[in-house]
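Colleague: sequence and computational prediction follow.
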Amino acid sequence: MKRPYLVFTLVLPLFFGIGNSFAQSSLSLKGFLDFDAAYNPNSKVTSFSLGEQDLFITSDITKNLSFLGESVIKFDATSSTHFAVSLERGIIKYNYYGNHSILFGKFHTPVNYWNDTYHHGRVFYPTIFRPEVFNSTIVPIHGAGVRLSGENLGKLKFGYDALISNGIGSMEVTDNNQAKSVCLAFHIKPVEGSRFGASFYNDFLSPGTMRPNGTMTMVPITQNIVTVSASYFKNNIELLTEHSAVMNQSTDTAVGTNLTHCYYGYIGYAIKDKYVPYFRFDYLEVPKKDIYFTPQFSNIYTFGFRYEISYLAVVKVEYQYKWSSTIKGNEVNNYYFQFAIGF
């Protein structure tokens with residue numbers, strides 16, 4: 001008769017211990033939204049649009065264990081409601097020693113500075129849109145897998161990331177081949193406000209992988225990406241530049257290895273910490289024989305002005321000139337407006 005009481009005595013403290021651990025966890029919910037407008041002087045058409053509504057959740061479960069989740073509601077023409085929900089990030093992070101952590105889940109790949117720094121809260125973007133390298137789906141944006149990360153190590157504030165994920169053509173719940181994608185990245189911050197980084201990405205694309213243009217690959221492709229970046233945001237000065245070289249290698253000897261170049265440079269200057277005129281130049285060149293990307297050559301010049309009402313309320317206006325081999329007539333002019341907030 002004493003054994004049930006003994007079990008109850010042993011289990012009860014464990015139950016309350018778990019309960020206290022959850023009671024001590026901190027949950028934070030934030031959100032972001034942007035309203036956009038575009039004017040095309042050629043067609044004389046003005047279009048209004050609701051951008052992404054981003055829900056951002058973080059929680060400190062224990063001293064060393066935390067969670068980060070990011071879900072986005074955005075326009076989707078294929079949906080019956082014309083909007084769809086997308087899980088952009090879901091990360092379990094365990095800080096196992098000092099500034100070193102191991103992470104599990106779905107990530108934005110650390111393949112370049114922009115992708116690992118600016119996510120879906122447009123209020124934090126220095127410009128209205130992402131660089132052309134993202135619009136042309138050159139950079140693999142997401143990856144589901146395991147990631148090792150370290151930051152602010154030593155005098156140079158060295159940081160590193162090593163990500164193993166399912167890779168291109170796969171899904172968050174399954175891989176479409178035996179190979180895993182690998183992304184290795186590191187950076188230093190020698191001067192306050194500065195950051196210099198480099199990364200390497202490798203993946204194997206099996207036949208049947210969806211290309212960015214919606215068609216399927218017919219032969220195996222090995223993809224390697226090398227990226228270098230430099231940035232400085234301090235003393236009212238904003239500087240950011242990145243260059244990526246993408247090598248798509250095919251088993252087809254007639255195609256061989258093709259090298260895609262893409263880079264952008266951004267410069268801005270804050271006046272009274274609220275008014276920021278800025279300029280960005282984007283360059284993209286995909287060779288004609290590339291077996292994965294759409295062959296093209298593009299130059300984009302963006303002139304803009306950003307008014308920071310507060311940290312969580314920003315208005316931006318832009319003029320953009322784009323010359324591209326994929327556009328009828330090769331060139332287009334557009335004017336854009338964005339009101340982005342955080343809440």
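Modeller: Received it, and whenever you're ready, just let me know what you need.
Colleague: so where's the stretch 201-343 of the chain uncertain?
Modeller: Along the stretch 201-343 of the chain, the model assigns pLDDT under 70 to residues 253-254.
Colleague: quick one: the helices in it, in order.
Modeller: Counting by DSSP state H, counting those that start in this stretch, the stretch 201-343 of the chain forms no helices at all.
Colleague: the helices in the stretch 1-150 of the chain, which residues?
Modeller: 2-24, 113-117, 132-135.
Colleague: out of the ones you listed, which gets the lowest mean score?
Modeller: When the helices of the stretch 1-150 of the chain are compared on mean pLDDT, helix 2-24 scores lowest, with a mean of 42.
Colleague: what sits against the closest residue to residue 301 other than its chain neighbours?
Modeller: Computed as CB to CB, 6 or more residues apart in numbering, the closest residue to residue 301 that is not its neighbour in sequence is residue 321, at 4.7 Å. For the C-beta atoms, the positions are set from N, CA and C on the backbone; glycine is no exception. Shown in contact with residue 321 (CB atoms under 8 Å, 6 or more residues apart in numbering): 300-301, 331-333.
Colleague: so residue 175, which of the three states?
Modeller: Assigned with DSSP: H, G, I helix; E, B strand; the rest coil, residue 175 falls in the coil class.
Colleague: ok, for it, nearest residue in space, not its chain neighbours?
Modeller: Excluding the flanking residues, the one nearest residue 175 by CB to CB, 6+ apart is residue 166, at 4.3 Å.
Colleague: so what's that neighbour up against?
Modeller: Taking CB under 8 Å, 6+ apart as the definition, contacts of residue 166 comprise 143-145, 172, 174-176, 180-181.
Colleague: the strands in the stretch 51-200 of the chain, which residues?
Modeller: Defined through DSSP state E, counting those that start in this stretch, the strands belonging to the stretch 51-200 of the chain, from first to last, are 65-75, 83-97, 100-108, 142-153, 158-165, 181-188, 194-205.
Colleague: I'd like the average pLDDT over the longest one.
Modeller: When pLDDT is averaged over strand 83-97, the result is 95.
Colleague: what pairs with it, and is each one parallel or antiparallel?
Modeller: Neighbouring strands of strand 83-97 in its sheet, by DSSP bridges, are strand 65-75 (antiparallel), strand 100-108 (antiparallel).
Colleague: go on, the fourth one?
Modeller: Under the criterion DSSP bridges, strand 142-153 sits next to strand 100-108 (antiparallel), strand 158-165 (antiparallel) in its sheet.
Colleague: want to try a markdown table for those, with mean pLDDT and mean neighbour count as columns?
Modeller: As requested, those are exported to a markdown table (pLDDT from 0 to 100; neighbours: other CB atoms under 10 Å):
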| stretch | mean pLDDT | mean neighbour count |
| --- | --- | --- |
| strand 100-108 | 97 | 18 |
| strand 158-165 | 98 | 19 |
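Colleague: closest one to residue 115 among these?
Modeller: Distance to residue 115, taken as CB to CB, is lowest for strand 100-108 among the strands paired with strand 142-153, at 5.3 Å.
Colleague: just the CA coordinates for that closest one, please, in CSV.
Modeller: What follows is the C-alpha trace of strand 100-108 in CSV, where atoms were taken according to Å, rounded to 0.1, in the frame of the first residue of the first chain:
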residue,chain,number,x,y,z
HIS,A,100,28.6,28.6,-29.7
SER,A,101,25.2,27.1,-30.5
ILE,A,102,23.6,24.2,-32.4
LEU,A,103,20.4,24.9,-34.2
PHE,A,104,17.7,22.6,-35.7
GLY,A,105,14.9,23.5,-38.1
LYS,A,106,14.3,25.6,-41.2
PHE,A,107,16.6,28.5,-41.8
HIS,A,108,17.5,31.3,-44.1
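Colleague: picking that back up, return the backbone torsion pair for the residue nearest to residue 175.
Modeller: Backbone dihedrals for residue 166, given as degrees, to the nearest 10, come out at phi -60, psi -40.
Colleague: now do the buried residues in stretch 81-97.
Modeller: Going by neighbour count (16 or more other CB atoms under 10 Å), the buried part of stretch 81-97 is 88-91, 93, 95.
Colleague: wait, I meant stretch 27-40
Modeller: 32-34, 36, 38.
Colleague: again with stretch 289-296
Modeller: Of the residues in stretch 289-296, 290-293, 296 count as buried by neighbour count, 16+ other CB under 10 Å.
Colleague: follow-up on the earlier one: pLDDT wise, what is the residue nearest to residue 175 at?
Modeller: pLDDT recorded at residue 166 is 95.
Colleague: next: residue 174.
Modeller: At residue 174, the pLDDT value in this model is 87.
Colleague: grab the nearest non-local neighbour of it.
Modeller: Beyond its immediate neighbours in the sequence, the residue positioned closest to residue 174 (CB to CB, 6+ apart) is residue 166, lying 7.3 Å away.
Colleague: likewise for residue 37?
Modeller: Excluding its sequence neighbours, the residue lying closest to residue 37 (CB to CB, 6+ apart) is residue 337, at 4.2 Å.
Colleague: distance of residue 280 from residue 300?
Modeller: Using CB to CB, to the nearest Å, we find residue 280 at a distance of 8 Å from residue 300.
Colleague: comparing the two, which residue is more hemmed in?
Modeller: A side-by-side neighbour count of residue 280 and residue 300, using other CB atoms under 10 Å, places residue 280 first with 23 against 20.
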